[in-house]
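Participant: here you go, sequence then predicted model.
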Amino acid sequence: MGRQLILLRHAKSSWDSGAKRDFDRPLNKRGLRDAPRMGRWLKEKRLIPDHIVSSPARRAELTVNAVIGELGLTKDGVVFDDVLYLGDCHALLHALANFPDTSQCGLIVGHNPGLEDLLLYLCGDAAPRARDGKILVTAAIARIAMPDNWHNFKQESCDFLELVRPKQMESR
């Protein structure tokens, strides 16, 4: 199958949680439903990441915890990287460059606009947009075929494989 990168935007968060900071916002009811749903999809497709990097923001942490729970993985294998919290494309490329050379399937859990910008940088405008113009709606997964290493990417040097949104899972 070759080297792959999975981008996962955090699931839907709550604006009414009483969290004092954006960083601390938890998932809302829809997010709590969608995050494990996307983990089950990854498991069904046998897309088990061997390296996981996540934003440490509460909504991203809860998302990655639900996903790894469905995959039978532990939190010990997750790297929480501060640069992923609202990081731009450049910051995410730096995080990618730190993936181990042995990794064949990497997962990044983070936020927009950084994740979308990374997807566009790596693959161009190949991914379909939602009605509102977004590519990575909350809890969406994008799969990317990667070159033989995790660094020194040129713009549009990767192949877009697939985009899966939670709404596609509703009949499951």
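Facilitator: That came in fine, so what should we check first?
Participant: what's near enough to touch residue 138?
Facilitator: Residues in contact with residue 138 (C-beta atoms under 8 Å, 6 or more residues apart in numbering) are 9-13, 30-31, 34, 166. Heads up, the C-betas are built off the backbone N, CA and C, glycines and all.
Participant: quick check: it vs residue 100, distance?
Facilitator: Residue 138 sits 29 Å away from residue 100, going by C-beta to C-beta, to the nearest Å.
Participant: what does residue 69 give?
Facilitator: 23 Å.
Participant: give me the low-pLDDT residue ranges for the chain?
Facilitator: Scanning the chain for pLDDT under 70 picks out the ranges 1, 170-172.
Participant: strands of that one, residue ranges please.
Facilitator: Using DSSP state E, the strands of the chain run over 4-9, 51-54, 78-80, 105-110, 141-145, 159-164.
Participant: now mean neighbour count and distance to residue 131 too, for the ones you listed, in a markdown table please.
Facilitator: What follows is the strands of the chain, written out as a markdown table (neighbours: other C-beta atoms under 10 Å; distance: least, C-beta to C-beta, whole Å):
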| stretch | mean neighbour count | distance to residue 131 |
| --- | --- | --- |
| strand 4-9 | 25 | 17 |
| strand 51-54 | 22 | 28 |
| strand 78-80 | 17 | 32 |
| strand 105-110 | 26 | 23 |
| strand 141-145 | 21 | 18 |
| strand 159-164 | 18 | 14 |
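Participant: got TSV for those strands, with distance to residue 94 too?
Facilitator: Converted to TSV, the strands of the chain look like this (distance: least, C-beta to C-beta, whole Å):
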stretch	distance to residue 94
strand 4-9	14
strand 51-54	11
strand 78-80	13
strand 105-110	12
strand 141-145	17
strand 159-164	21
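Participant: which one of those lies nearest to residue 24?
Facilitator: strand 78-80 (14.3 Å; C-beta to C-beta).
Participant: which residues does the closest residue to residue 109 other than its chain neighbours contact?
Facilitator: For residue 109, ignoring the flanking residues on the chain, the nearest one in space by C-beta to C-beta, 6 or more residues apart in numbering is residue 54 at 4.0 Å. Residue 54 sits next to 60-61, 63-64, 78-81, 84, 108-110 when contact means C-beta under 8 Å, 6+ apart.
Participant: I am finished for the moment; much appreciated.
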